[in-house]
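Student: the sequence and its predicted three-dimensional model are supplied below.
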Amino acid sequence: MDQVKINLEEHEIPKQWYNLAADLPTPMLPPVLPDGTVLQPQMLEAVFPRNLIDQEMSRERWIDIPEEILDILYRWRPAPLRRAVYLERYLKTPARIYYKDESVSPSGSHKTNTSVAQAWYNKQFGIRRITTETGAGQWGTALSFACHLMGIECKVYMVRVSFDQKPMRKTLMNLWGAQCVASPSPDTHAGRAILKEMPDTPGSLGIAISEAIEDAVSDKSGRTRYALGSVLNHVLLHQTVIGLEAKKQLAKVGIKTPDIVIGCAGGGSNFAGLAFPFTQDKIHGAKIDIIPVESAACPKMTRGEFAYDYGDVAGMTPLLPMHTLGHKFVPLPVHAGGLRYHGMAPLVSQAVVEGLMRPYAANQVESFEAAITWARTEGFVIAPETSNAVACVIKEAVKARDEGKEKVILFNLSGHGLLDLHGYEKYLSGNLEASCAPDEEIRRSLAQIVRTPEAPLRRTGRW
Ligand SMILES: Cc1ncc(COP(=O)(O)O)c(C=O)c1O
């Protein structure tokens, strides 16, 4: 029998995070303000604690993980690496498919890797309350759990469509003591303005972010900050424990480098967490096909533009250099709520511009088909976001079979789908649509990007 579970001992947990910014062959463009001046770290102080701002700006390659954070992570880390032999047999593929199982965390996804780190750094800085947005609810629950451990109050603005589709996510947040409201909400100026203009909007991550930031910065006590579950450098940094563990685990079964690395990509954090340590290898000469998989409902990397754009709908954030569909883009209400974000992390975007990564967009029907195949072979029920990655895994495994190639495919199982059964029910009753973003909608939204300053496409041409 092939080894299907590859585990690490507690003492083998990574003790440092890996920062890709130190190794990118073309340096990242800085965030800027609307007048084109470069953002200074102190300008973020109303939004984030200073210690996380330092991490956001850091170009150090390795950053120590504080012992107290490790002590929390031991609850579920090191996470298992598993081999999907039952899917391999079903597909009759010579490819070996390995996956990191991030669904084993308390809230059921990779998001806890950064939520505990962010809550810990906020606590160190004397913060008493944190606001945030959440798409499908995974980030909201992960932050609720972490804030509970730290004794920090937490308020979550949850995108309306997911709030309605996944009511149990709110219960989970309440269970860990957090407050959760549907966004757009009547609680903020940004929310009220959008409700007035579009009373029936399904909401978007961009809208929920505007609300959460407004809430944080308007607290006069100075003890509230905002936390983001993806996109930013420090969030991606915290997720790199995934890829660093995977490397050690693959080495245990004699694999130095996989041929293909795959992760679903909303803002880019779980994908980056797995892929960045392997991207470092690729920069140093390894041959790896690295594929971020986005939703065809929100295809910023495959059909958007690399440009300076806002991170939220109201334009409260600095302008970030990233692949974007325009900050006002409201994607179709697909079940993979965590992939409905208009932009991609600047670090991932720059790696895509450099040619180190090859994005793919999966539609909702092919993704649920893949999730059902997964559940009927491997047995586990995966999150709709994760199913986009699995659609790509199956495509690559079938290609390997057709070409007779023994590829090693590694992907990130970012979360379980036990609170996402509504989407499965729709698929099984034949009521699910592919939901690809219409060309016209994308054109209209891209036309609204300000494009000052221009974001040059800087690449070495090595990949
Ligand atoms: C299970 C799961 N996977 C993936 C994502 C996408 O986010 P990211 O691209 O930051 O990993 C989310 C976001 O909510 C999620 O809940």
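Tutor: Cool, the structure landed. Keep in mind the model is a prediction, meaning the values are calculated, not measured.

Student: now do the SS call for the residue nearest to residue 315 when sequence neighbours are not counted.
Tutor: Excluding the flanking residues, the one nearest residue 315 by CB to CB, 6 or more residues apart in numbering is residue 327, at 6.8 Å. In short, each C-beta sits where N, CA and C put it, glycine included. With DSSP: H, G, I helix; E, B strand; the rest coil as the basis, residue 327 sits in coil.

Student: tally of neighbours for residue 327?
Tutor: Neighbourhood size, residue 327 [other CB atoms under 10 Å]: 25.

Student: please name the residues that touch residue 174.
Tutor: Residues near residue 174 by CB atoms under 8 Å, 6 or more residues apart in numbering: residue 180.

Student: for whichever residue of the stretch 301-450 of the chain sits closest to the ligand, helix, strand, or coil?
Tutor: Here the residue of the stretch 301-450 of the chain nearest the ligand is residue 338; by CB to the nearest ligand atom that distance is 2.2 Å. Put simply, residue 338 is helix when judged by three-state DSSP.

Student: ok, now which ones touch the residue nearest in space to the middle of the chain?
Tutor: Geometric centre of the chain, nearest residue: residue 269, 3.5 Å, by CA atoms, centre = their mean. Neighbour list for residue 269: 110, 111, 114, 229, 230, 231, 235, 236, 239, 345 [criterion: CB under 8 Å, 6+ apart].

Student: how about those in CSV, adding neighbour count, distance to the ligand and secondary structure?
Tutor: Formatted as CSV, those follow (neighbours: other CB atoms under 10 Å; distance: CB to the nearest ligand atom, whole Å; DSSP: H, G, I helix; E, B strand; the rest coil):
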residue, neighbour count, distance to the ligand, secondary structure
110, 33, 6, coil
111, 31, 6, coil
114, 29, 9, helix
229, 28, 6, coil
230, 25, 3, coil
231, 26, 7, coil
235, 29, 7, helix
236, 29, 8, helix
239, 29, 8, helix
345, 27, 8, coil
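
Student: pLDDT and distance to residue 189 for those - can I get that in CSV?
Tutor: Formatted as CSV, the contacts of residue 269 follow (pLDDT from 0 to 100; distance: CB to CB, whole Å):
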residue, pLDDT, distance to residue 189
110, 98, 33
111, 98, 28
114, 98, 28
229, 96, 23
230, 96, 24
231, 97, 23
235, 98, 26
236, 98, 30
239, 99, 32
345, 98, 27
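
Student: and the stretch 1-150 of the chain, which residues reach the ligand?
Tutor: 109, 135, 136, 138, 139 (CB under 6 Å from any ligand atom).

Student: now with 8 Å?
Tutor: With CB under 8 Å from any ligand atom as the criterion, the stretch 1-150 of the chain comes near the ligand at residues 102, 103, 108, 109, 110, 111, 134, 135, 136, 137, 138, 139.

Student: please name the nearest non-neighbouring residue to the first one.
Tutor: Same thing as residue 102. residue 110 (3.9 Å).

Student: okay, the one you found and residue 141: tell me how far apart.
Tutor: Residue 110 is 12 Å from residue 141, where distance means CB to CB, to the nearest Å.

Student: quick one: the least confident helix or strand in the chain by mean pLDDT near the ligand?
Tutor: Between all helices and strands in the chain, the lowest mean by mean pLDDT, DSSP states H and E belongs to helix 160-165, at a mean of 92. No: using CB under 8 Å from any ligand atom, helix 160-165 stays clear of the ligand, coming no nearer than 9.0 Å.

Student: show me what counts as buried in the helix or strand that that helix is followed by.
Tutor: Later in the chain than helix 160-165, the nearest helix or strand by DSSP states H and E is helix 167-175. For helix 167-175, burial by neighbour count (16 or more other CB atoms under 10 Å) applies to 169, 170, 172, 173.

Student: one more: stretch 282-293?
Tutor: For stretch 282-293, using 16+ other CB under 10 Å, the buried residues are 282, 283, 288, 290, 291, 292, 293.

Student: next one: stretch 22-32
Tutor: Neighbour-count burial for stretch 22-32 flags 24, 25, 28, 29, 31, 32 (criterion: 16+ other CB under 10 Å).

Student: apart from its chain neighbours, what residue comes closest to the first one?
Tutor: With sequence-adjacent residues excluded and distances taken as CB to CB, 6+ apart, residue 24 is closest to residue 350, at 6.0 Å.

Student: ok, the third one next?
Tutor: Nearest residue to residue 28, sequence neighbours excluded (CB to CB, 6+ apart): residue 350, at 5.3 Å.

Student: now the last one
Tutor: Closest residue to residue 32 in three dimensions, ignoring its sequence neighbours and counting by CB to CB, 6+ apart: residue 319, at 5.0 Å.

Student: for that neighbour, what are its contacts?
Tutor: 31, 32, 33, 34, 308, 309, 310, 450.

Student: report the buried members of those.
Tutor: Among the contacts of residue 319, those classed as buried by 16+ other CB under 10 Å are 31, 32, 308, 309, 310.

Student: can I get these in TSV including secondary structure and pLDDT?
Tutor: Formatted as TSV, those follow (DSSP: H, G, I helix; E, B strand; the rest coil; pLDDT from 0 to 100):
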residue	secondary structure	pLDDT
31	coil	97
32	strand	97
308	strand	97
309	strand	97
310	strand	96
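
Student: so residue 160 touches residue 183, yeah?
Tutor: Yes: applying CB atoms under 8 Å, one finds residue 160 in contact with residue 183, separated by 6.2 Å.

Student: picking that back up, do you know the pLDDT at the residue nearest to residue 32?
Tutor: pLDDT for residue 319: 97.

Student: wait, a strand at residue 453?
Tutor: No: per three-state DSSP, residue 453 lies outside any strand segment and is coil.

Student: which non-adjacent residue is nearest it?
Tutor: residue 36 (4.8 Å).

Student: that neighbour reaches residue 452, doesn't it?
Tutor: Yes: using CB under 8 Å, residue 36 makes contact with residue 452 at a distance of 6.4 Å.

Student: how near is the residue in the stretch 1-150 of the chain positioned nearest to the ligand to residue 324?
Tutor: Of all residues in the stretch 1-150 of the chain, residue 138 sits closest to the ligand, at 3.0 Å by CB to the nearest ligand atom. In this view, residue 138 and residue 324 are 22 Å apart by CB to CB.

Student: what about the two, which has more around it?
Tutor: Shown here are residue 138 and residue 324; by other CB under 10 Å, residue 138 has more neighbours (33 against 27).

Student: tell me the contacts of that one?
Tutor: Going by CB under 8 Å, 6+ apart, residue 138 touches 107, 108, 109, 111, 169, 229, 338, 383, 385, 415.

Student: looking at the nearest residue to the third one once chain neighbours are set aside now. What's its pLDDT?
Tutor: Read that as residue 109. Nearest residue to residue 109, sequence neighbours excluded (CB to CB, 6+ apart): residue 415, at 3.2 Å. Listed pLDDT for residue 415 reads 98.
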